[in-house]
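[1] Take a look and give me a structure for this.
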Amino acid sequence: MEVWLVVVAAFVAGVMDAMVGGGGLLSVPALLSTYPASSPSLLLGTNKCSSVFGTTVAAWRYGRRVQLEWGWLAPAALLAFAGSGLGAWTLTWMDPQFLRKLLPWVLLLVLVYTFKYPQFGLQHGRTQHSAKTRLWLALVIGALIGWYDGFFGPGTGSFFIFLLVRCLGQDFLQASASAKVLNATTNFAALLMLAATGHVWWQVGLVMAAANIAGSVLGTSLALKHGAGLVRRVFMLVVSLLILKTGVDAYVR
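    Predicted coordinates:
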């Protein structure tokens, strides 16, 4: 019976992840509360097993309907994969405590910026950057946020979306689609690392993955139907929840 809690959480997380990321806000606490006797690393690996399937399906569905700019997206995804692996390795010798304190403030800046500019991310903008500069910006974003995902993780999808809108001029729908490709590669890299060290509970992870895929299908359908405006509103809601969650974790607990 207890598995149904994590299945429902995985479904709703799939909806959130497919639109703007942040599904771990639901699925990770659900795993921790349902299986308190299990090690956190095992449960985090199990969550990655679930989310990698959902983000991959979301990336595929977006790719069929949204024009993805593979010229910079493909190499950025490769760097995101490598960066995530490097971040997971960094975690073996460096404590992420400093990021735990800093993260709520960075997310607050993201939220304030998005709120301050009502048209931010609602239309595909033309940047003044050349194609070469856009490629380099994409590579830096992929490597940096990929490393962050492997090392720490909360808000990865939201950071990808914000930077793709801000630096590459995408609208929220296009940025969400591109972010799914990048996030799928970082999740896969982290899953490989965790699976290799035995930190994945496959029986639970694969059941959650089925629910996560179903949520992902619903989330992408909503985003594709309602466009950048809905994605922007959900983005602001999820970032607000992330600020609250990470702030409590960093300064209250």
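[2] Next secondary structure element downstream of the strand or helix carrying G146?
    Using DSSP states H and E, G146 sits in helix 131-151. Per DSSP H and E, helix 131-151 leads on to helix 156-168 as the next helix or strand towards the C-terminus.
[3] what is the mean pLDDT for that next one?
    In this model, helix 156-168 has an average pLDDT of 93.
[4] Which elements pack onto that helix?
    helix 97-116, helix 131-151, helix 172-196, helix 202-251 (3 or more C-beta pairs under 8 Å, 6 or more residues apart in numbering; DSSP states H and E). Heads up, the C-betas are built off the backbone N, CA and C, glycines and all.
[5] V57: which of those is closest?
    helix 202-251 (4.8 Å; C-beta to C-beta).
[6] could you give the angle of the closest one to helix 172-196?
    110 degrees (axes from the mean of the first three to the mean of the last three C-alpha atoms, to 10 degrees).
[7] Which secondary structure elements does helix 202-251 sit against?
    For helix 202-251, the packing partners by 3+ C-beta pairs under 8 Å, 6+ apart are helix 3-19, helix 24-34, helix 40-65, helix 97-116, helix 156-168, helix 172-196.
[8] Out of these, which gets nearest to L135?
    The minimum distance between L135 and the helices and strands packed on helix 202-251 falls on helix 156-168, with 9.9 Å, by C-beta to C-beta.
[9] what residues does that closest one touch?
    Under the criterion C-beta atoms under 8 Å, 6 or more residues apart in numbering, residues 17, 20-22, 72, 107, 110, 113-114, 120-121, 127, 129, 134, 137-138, 141, 145, 148-149, 170-172, 174-176, 178-180, 182-183, 186, 235, 238-239, 242 lie in contact with helix 156-168.
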